[in-house]
Structures are given as structure tokens and as C-alpha cells.
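Participant: compute the structure for the input listed below.
(chains A and B)
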Amino acid sequence: MKVIKVDPEKCTGCHQCELWCGSEIASIGKELPLAINEEPQPVPRVYVEGKKYAIQCRHCDDAPCVKACPNGTMRKDPETGLIYVHEPTCIACWMCVMVCPFAVINPSPTIKVAIKCDRCRSMGYPICAEICPTQAMTLVDRKDYRKKKFTT
Amino acid sequence: MEFIQKKSTDNAVEHFLAKAADQEIPLAWDRYEGQLPVCGFCEAGLSCRDCLQGPCISHPFRDASKKGVCGKDKNTLAVQSLLRLVIKGTMSSLDLVADLANDIVTGDTKPADKAAADKALKEIQAIFSNKETASMKELPAALSKSWKDAGVYPEGILRDLFKASQKLEGGVAGVEETLLWAFKTALLGNLAQQVQKKLKRSVFGDIAPTKLDVSLGILQKDVPNIVLYGQISAALKQKIAGIAKKAKVNVFGVCTDPLLPPYVFSPVTNYGSQEIPIMTGAVDLIVAGDQFVNPSIMQVAKDWKVTVVPAAGLDKEKDLNAFAKKIVDLAKKSFDNRADVPKDIPADKQTAIMGFSSETLDAAKVAKGLGDGKIKGVVVFSGSSNVKYSQDNEYVAMARVFLQNDILCISEGEASVALAKHGFLNPKMEGIECSKGLMGFLKSLGKNVPAIIDCNATEFILALAKAGKKATKDYPVFACFPEANRSIEVVKAMGMVAMGVTTYFWPSLPVTGSPETMKALSDVSAAKFGAKLHVVTKKLSAPEKAKLFLNEIEATPSMSGKDW
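Facilitator: Predicted coordinates for the structure are as follows:
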């Protein structure tokens, strides 16, 4: 399964991932000049935090949000392994928001659904990784990533 | 270069793009693609680094970072992004006029009309000492009044430049006030440009419509070729041309004033493709000014063994005659040393007529033509070129639409060069289709009038207002900056709007992050000047952009009172 690997040493905190996620994914207008002025304000699914680190949903193998969801709104795509929100059935209980260990699920202030990254399921490549100017975010196989982490 | 977007509609330039890709020579287009995606905050005008507490952004999607550290919100950030450009552009305009004035004061150039030169020099002194200039007194009374009522009447550098720049340093000015400061600064820049024209006339005489050739095909392989890049002291250009002529050395130009009588500096190409002439192998020496000159030409010049001489270095050349002679000698030497460099000069060459002015373009006829319905409107093309578009495509495609819809087209500066390369300034009009009505009207203006007329836009607009005895805002006259680039073009655009000419400017100015600023550019400008500066964010093709003008022209009340 492919995941977004974030290299904190390359992240400059430029917020471009948030900007592009907000306009290309979260907005209705789909272009920055239109998205900027939209109401309600689009909510990006990636967060640039702390000392410059961009974080989004990790699409956990054993996802706490899927377990916590009372009515099966939080789902795992059997083909890709991606965790996504089936918005029509979300009851805005925010259990997923509370249990997420990475705090990357956002209760939408306006449309009463949980908002989180679905790794751009409908697109060919996650937009944040595509536009990251320093390639701090890259799409890698989860197996490959673990090999890099533990075998050095 | 991997993207499929067509880089240039200039066939001569296209030939070298393939060559550059083959030889892995990076050009402006490659660097542009490397820059993508650009910073969305800066593009929308939502960033600031005026102090060291930043850099700050106003994040459109996060509540936590809506304001900069000092409290500037998205509206302030955006309108100040515009002001910053205008300040730089006005300084560019002032530098041009100061350069020429200095050439006269030092005796490096002798004016043909000393009385007119002295008068213009007094105006320059007035600009630098906050006094009213003669040019301002010559403006139509209604226009002066509108500027005074709006608080934007140019007063000189102390207020219009220094005080305006302090709005960036802090203060509590809102969007409307900051926008008006931007107009005030822009009007100073435009005033400087008008005085520069007067000074140029006093030195070199009246500019007559001049026939010249443009494009890469004008370079010659058996003769040394000097190309002057950017804005260079007129006195130096004159001296280089004089010495070069005697030494049988060609002198051409890129992004430099082509007409300094009796000399002509035929444009080899325009801004976007300024690296390409070097790749022909026929350029032996470049004299590089500052404005409009890409630092990248140094590397490309090195690859082709071309000598580059900076025109305005830190060590100011005291003896211009000696400097000019040195340049011509270096060019000859370079030509000899470069005998082994293969020459690849495309055959592309176009004839153009440039240099119309209020004396040679009858504004009264234009006013009458608008009144009688012989022409539906006037569009003024200005600006340079921008790598974000297929080079020259916006000009060419829009011009084609206008010419077939009875719209008289004027162009100036780099816009003229772009259009000239594609035959629009050629009086033979080969391959250029004009509507019957426009053709007839162009013929009535005189002999050898091309489809598009090269004339200083401000001069033409003021002449039209005077001749037709109406305010500019009452004419269906529009300004079009389809491939704008430099800050001086932003100054020109703001000046057009202040004169009552509704203006369309592409690419979008860095104000798109602030709906309030975009609205002000429309509503405040319309209220104060009777014209708007349109910020179009929708992605449109060039013919669709032209349609915006046609819609506005059709919506303008008919001057004759008759239906179209």
C-alpha cells in the first residue's frame, strides 16, 4: 500500500500543501483565486505543525477511527487500504476526532461531517506530495518505508 | 523542456527551443517550469516581508494565521502588494528620465532644441522638489480636477514616492486610501515618462514614423553585431551608433527604445526570448542595461563566446566617447575571435513602421471616426511578454479579433515589437485581415499606416481627449496588457485607469486574495476616474479575452446617438 512519507528535514513550513489541498480538494471552485473567497471556508486535510512538519491521515493499518465510528461511516477501501469518510452517513458524533492519535481528523464547522485526508482517492496522485516544493512529502510503498526505517 | 504548452508563437524562436533542449541549455521557460507550483500566498498578494518579524502570510484556510505579526490582514497585504509594485515601477520611470537629464547636464549629449530641453529639465527639477510641472498644467482641466478631488494629483517624489512607500512600513491606512496612494505614485511615474518624451524630443528632434526591420533575421553573419539590451543612456546609445556606423558594425536592440534619430536600433526580438539572439551565433557583443535584462544572458553569452559589457556599472564611465569606442572595438575583436562559432540566423524578418506620435497620428480624425461610427472603439496594447503565456499569442489572437471588429489598435513599447514580429505593423498588411470599415479608416489616416499603429499611449489618449473635446472616459477606449511582466507596466496600467481608460491586465495582479481590493480597483476607480482596472481570475483563451473588450465596447453608449 502506498503512503505519504514526510521528511521533516525537508519541510520548510511553506504551507503550500495546505493551500493546494484547500483549493483543489476542499473547495468548490477548485482554483485558488476562487477558493480563497469561498464561503464556507474550505478546510485542507493536511496540517503544517510545530517546527515545520506537514502531517495528514496515516491511513493506519489498524485504524482507531474505523473502530470508533458507530455506524460504519469511517471506511477502509478494500482495494487500496485507504481510510475515507462516507459523508452521507456521518452523524457528527466526533468519536473519530477524539480517538485519532495524530489529530488529523477535523470536525467540519459548517457541514457537520468529519473531514480528513483520503489521499486524493479520486485523483492519480496526492496533491500535497505532488506540489511540495522540496519533495518533503513523497508517495512510497509502506513496506519500503518500513525497511528504510528499521534496517539502517 | 517537457511540457507540451507551446512556448512561443514566434517561429524563429521555436527553432532555437528545440536546439536548446538538445544541448541542455536552460532558458527562461525551463526555469519557469522549475518554479512551478509558485507560492500561492505570494501569487494572491497574501504575503509580506517588509520587516524582519515575518515573513508573514494571511492563510485563507486557517483561522490561526489570518493576520501578519503587525496586524496586516489579507486586504492590507494584497493592496500593499500592488503598492510595492507601483513604487518600483515609478522608480524605473524616474530613473529613465534622470538618466537622459544627466546626459544633457554633463554635456554628453547636446540637445537639438536647447530651449525645449531647458524647459523639460526645469520640469524634472520640479518633480524632485515637489513643485508643479508644466506637463501637469497642460492636462485637460477636468482630468486635473478629478485627480485633485481624489487626492492623487502628482506632487513630486517627496509625497508620491517617499511618503507612499511608508505605507508599507506601517500605519493605519485602509484599502481605499492605500489604493489611492498607489494611483498617486503611478501618476508620478507616468508624469516622469511624459517629461522623458519631451526631453527626448528636445535632444533628438521629432520622431517621424520610421520603417525598420524586426526579428532575428536582421542579424548579419559577415559583419560584427552589437545588441543593446534594456534601458541604456540615450547618449551612450547615440555614441555607440555613431562610431559603429563608421566602423561598419551593426547595432540592434532588445527591450530598448528603437528610435533615437537619426539612429534606429532595430529590435531583434522581445523580452521573453531575449536569450535566443545569442544562440544564433551572430551576436558578438551585448551592452547590458538593467531594466528588462535577464541575468541569465551572461551564461548563454558565455556558451557562445559573446562579450557582455554592463552599461551602468558601479564604476561609472566618465568619458562616454571613450566608452563607446571601447565597446565598438571590443565588438570587432569579438567578431574576429568568434569566426569559428557557427552562425544559425533564421530568415524570419518583418518590416514595421514605428514612431507615430500626436503630430503624425491625427487624433481629431480618430475622434471623428468614433463619433461617426466608422470605428467602434480603440484598444491600446501595452506591456511586454510573460513566460506564463505562449509568447506573443495573446497579442496576436486578440489583435486579430479587434481588427475584424472595426476596432482601431494602438500599441507601444514591447507590445509593438511583439505585434511587429507577426506583421501587424507592416503597412503591406500581408496575412493581416482588417474589417472593411477599419481598412477604410486606416487609409484615411494617411499613406503607409499599418493595421496597428505604434504610438505612445498616454500621448495619444490626451491628444484624443483634446481633439474630441470630451473626457477620455467618455470614449470607447480601452487599454490591454495581455502579457504584462514588469512593475513599470503596472504603473502604466494604473495611469491609464486614472486617465479614464478602462484597463484589462494579465496575468492577474497580486490582489486576488482580497475581494475588497479587487472591488476597489473596480468600484473606487470607477467612482474617482470613470474607469476600472479589471482583475480577471477566470482562465480564458485569448479570443475570449478579446470578447470582454467587445462586450464593453458594445455596452458603451454610442457616440453618434445612432445604433451600431
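
Participant: can you tell me the closest non-neighbouring residue to the residue in the stretch 301-450 of chain B that chain A sits nearest to?
Facilitator: Across the stretch 301-450 of chain B, no residue is closer to chain A than residue B:388, which sits at 14.4 Å (CB to the nearest CB). Where C-beta positions appear, they are placed from N, C-alpha and C, glycine not excepted. Of all residues beyond its chain neighbours, the one nearest residue B:388 is residue B:507 (5.5 Å), with distances taken as CB to CB, 6 or more residues apart in numbering or on different chains.

Participant: what of residue A:116?
Facilitator: Excluding the flanking residues, the one nearest residue A:116 by CB to CB, 6+ apart is residue A:105, at 4.4 Å.

Participant: ok, now residue B:84?
Facilitator: According to CB to CB, 6+ apart, the nearest residue to residue B:84 is residue B:168 (6.2 Å).

Participant: residue contacts, the one you found?
Facilitator: Counting by CB atoms under 8 Å, 6 or more residues apart in numbering or on different chains, residue B:168 makes contact with B:50, B:80, B:83-84, B:87.

Participant: next structured bit after whichever strand or helix holds residue B:365?
Facilitator: Counting by DSSP states H and E, the element that carries residue B:365 is helix B:363-372. On the C-terminal side of helix B:363-372, the nearest following helix or strand under DSSP H and E is strand B:377-381.

Participant: which residues touch that next one?
Facilitator: Applying CB under 8 Å, 6+ apart, the contact partners of strand B:377-381 are B:366, B:370, B:395, B:398-399, B:402, B:406-412, B:415-416, B:419, B:452, B:457, B:460-461, B:464, B:475-482, B:496, B:501, B:549, B:553, B:556.

Participant: and the next helix-or-strand element following it, what's its mean pLDDT?
Facilitator: Following the chain from strand B:377-381 toward its C-terminal end, the next helix or strand by DSSP H and E is helix B:393-403. Mean pLDDT, helix B:393-403: 97.

Participant: what's the angle from helix B:393-403 to strand B:377-381?
Facilitator: Between helix B:393-403 and strand B:377-381, the angle comes out at 160 degrees (axes from the mean of the first three to the mean of the last three CA atoms, to 10 degrees).

Participant: name the residues that touch helix B:393-403?
Facilitator: B:6, B:9, B:379, B:381, B:409, B:415, B:418-419, B:422, B:424, B:432-435, B:438, B:451-452, B:480, B:482-483, B:506, B:541-543, B:545-547, B:549-550.

Participant: mind listing what the most centrally placed residue in chain B touches?
Facilitator: For chain B, the residue sitting closest to the mean C-alpha position, by CA atoms, centre = their mean, is residue B:383 at 4.0 Å. Shown in contact with residue B:383 (CB under 8 Å, 6+ apart): B:413-415, B:481-485, B:489, B:492.

Participant: so the residue nearest the centre of chain A: helix, strand or coil?
Facilitator: With distances taken as CA atoms, centre = their mean, residue A:117 lies nearest the centre of chain A, 2.4 Å away. State at residue A:117, reduced to three classes by DSSP: H, G, I helix; E, B strand; the rest coil: coil.

Participant: same check on residue B:439?
Facilitator: For residue B:439, the secondary structure call by three-state DSSP comes out as helix.

Participant: over to residue B:503?
Facilitator: At residue B:503 the chain is in strand, as set by three-state DSSP.

Participant: just to revisit the earlier point, what about the contacts of residue B:383, which are in strands?
Facilitator: By the criterion of DSSP state E, membership of the contacts of residue B:383 in strands covers residue B:481.

Participant: and which of the contacts of residue B:383 is nearest to residue B:532?
Facilitator: Compare each of the contacts of residue B:383 with residue B:532 using CB to CB and the shortest gap goes to residue B:481, at 13.6 Å.

Participant: now the closest one, nearest residue through space, not along the chain?
Facilitator: In space, residue B:481 is closest to residue B:383, 3.9 Å off (CB to CB, 6+ apart).

Participant: now residue A:23
Facilitator: Taking CB to CB, 6+ apart as the measure, residue A:23 lies nearest to residue A:35, with 3.7 Å between them; neighbours along the chain are not counted.

Participant: make sure that neighbour is indeed in a strand.
Facilitator: No. Residue A:35: not assigned to a strand; according to three-state DSSP it is helix.

Participant: residue A:42 is in contact with that one, correct?
Facilitator: Yes. Assessed by CB atoms under 8 Å, residue A:35 is found in contact with residue A:42 at 5.4 Å.

Participant: picking up where we left off before, and the residue nearest to residue B:481, what's its pLDDT?
Facilitator: Residue B:383 is assigned 97 on the pLDDT scale.

Participant: now it. Its backbone dihedrals?
Facilitator: Comment: the main-chain dihedrals of residue B:383 come out as phi 110, psi -170, following degrees, to the nearest 10.

Participant: got any ranges where chain A has weak pLDDT?
Facilitator: Residue ranges of chain A with pLDDT under 70: A:144-152.

Participant: let me see the ranges of the helices in it.
Facilitator: Listed in chain order, the helices of chain A (DSSP state H) span A:16-20, A:32-36, A:64-68, A:95-99, A:127-131, A:142-151.

Participant: save those as JSON lines, and put in mean neighbour count too.
Facilitator: Listed next are the helices of chain A as JSON lines, based on neighbours: other CB atoms under 10 Å in any protein chain shown:
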{"stretch": "helix A:16-20", "mean neighbour count": "25"}
{"stretch": "helix A:32-36", "mean neighbour count": "22"}
{"stretch": "helix A:64-68", "mean neighbour count": "17"}
{"stretch": "helix A:95-99", "mean neighbour count": "18"}
{"stretch": "helix A:127-131", "mean neighbour count": "22"}
{"stretch": "helix A:142-151", "mean neighbour count": "11"}
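
Participant: tell me the contacts of the residue nearest to residue A:23?
Facilitator: Taking CB under 8 Å, 6+ apart as the definition of contact, the neighbours of residue A:35 are A:22-23, A:26-29, A:42, B:60-61.

Participant: now residue A:1
Facilitator: Counting by CB under 8 Å, 6+ apart, residue A:1 makes contact with A:59, A:80-82, A:141-142.

Participant: residue numbers of chain B in contact with chain A?
Facilitator: Taking CB under 8 Å from any CB of the partner chain, the part of chain B that reaches chain A is made up of B:37, B:39-41, B:43-44, B:46, B:57, B:59-62, B:508, B:512-513, B:515, B:537, B:539.

Participant: what about 6 Å?
Facilitator: For chain B, the residues in contact with chain A under the definition CB under 6 Å from any CB of the partner chain are B:37, B:40, B:44, B:60-61, B:512-513, B:515, B:537.

Participant: ok so, going back, how far away is the residue nearest to residue A:116 from residue A:115?
Facilitator: Computed as CB to CB, to the nearest Å, the residue A:105 to residue A:115 distance reads 7 Å.

Participant: for residue B:211, same thing?
Facilitator: Plainly put, residue B:211 is 65 Å away from residue A:115 if you go by CB to CB.
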